[in-house]
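Enquirer: Output the structure for:
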Amino acid sequence: MFTSVLMIEKALTSADVEFVTTLHGDESVAFHVLLQPRGDQADRLLRAIDDIALGELDEAARESETPEGEQARSVGEQALDVSLTALRAAGSRAEGRLIENHPLDALKSLVDEIGADEVIVLTDPHYVEEFFHRDWASRARHKVGVPVLKLFSHSKA
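Expert: Just a heads-up that it's a prediction; the model follows:
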């Protein structure tokens, strides 16, 4: 069985589930999902810049309506539950948890704990962070000791 750590920032879509569950052909995969709820106001600025870069001005204007911090926890729990249910329905083993602080430290610990074969980072594009190599995938490549695959989500949340 192949073991993947899947880092996400929102609920997986059906297209995302199909994508990640078919990456390894017929080989069965166990997913360990890490989801970090939305961040603080500094993250809001970066998300708004990303929305503008994508030409989504309406999304940028609505960033202040997105739950942040503690309010985002319940949204994160629901997104994690939806994602785990979808992965299991697709025939994969799946378990997961929310991470709130130090996501890369949590990722490194989990990779070591379960002997993961790979890390998959599945997010929306984050152009500012990616340009400066501050996105999860870029930073994880230097930390976890297993291959890190960066994928973009199939739809905006």
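
Enquirer: How are the strands of this protein distributed by residue range?
Expert: 2-8, 29-35, 93-98, 118-123, 148-152 (DSSP state E).

Enquirer: what's the pLDDT at residue 66?
Expert: On pLDDT, residue 66 comes in at 55.

Enquirer: low-scoring stretches of the chain, by residue?
Expert: Applying pLDDT under 70 to the chain picks out residues 38-72, 125-136, 155-157.

Enquirer: Try it again at 90.
Expert: Applying pLDDT under 90 to the chain picks out residues 9-10, 26, 36-76, 100-104, 121-144, 149-157.

Enquirer: Who are the contact partners of residue 10?
Expert: 35, 79, 124, 153, 157 (CB atoms under 8 Å, 6 or more residues apart in numbering). Placement of C-beta: from N, CA and C, glycine included.

Enquirer: Now, of those residues, which are buried?
Expert: Neighbour counting with 16 or more other CB atoms under 10 Å marks 35, 79, 124, 153 as buried within the contacts of residue 10.

Enquirer: I'd like those written out as CSV, with distance to residue 23 added.
Expert: As requested, the buried ones among the contacts of residue 10 are exported to CSV (distance: CB to CB, whole Å):
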residue, distance to residue 23
35, 19
79, 21
124, 19
153, 15
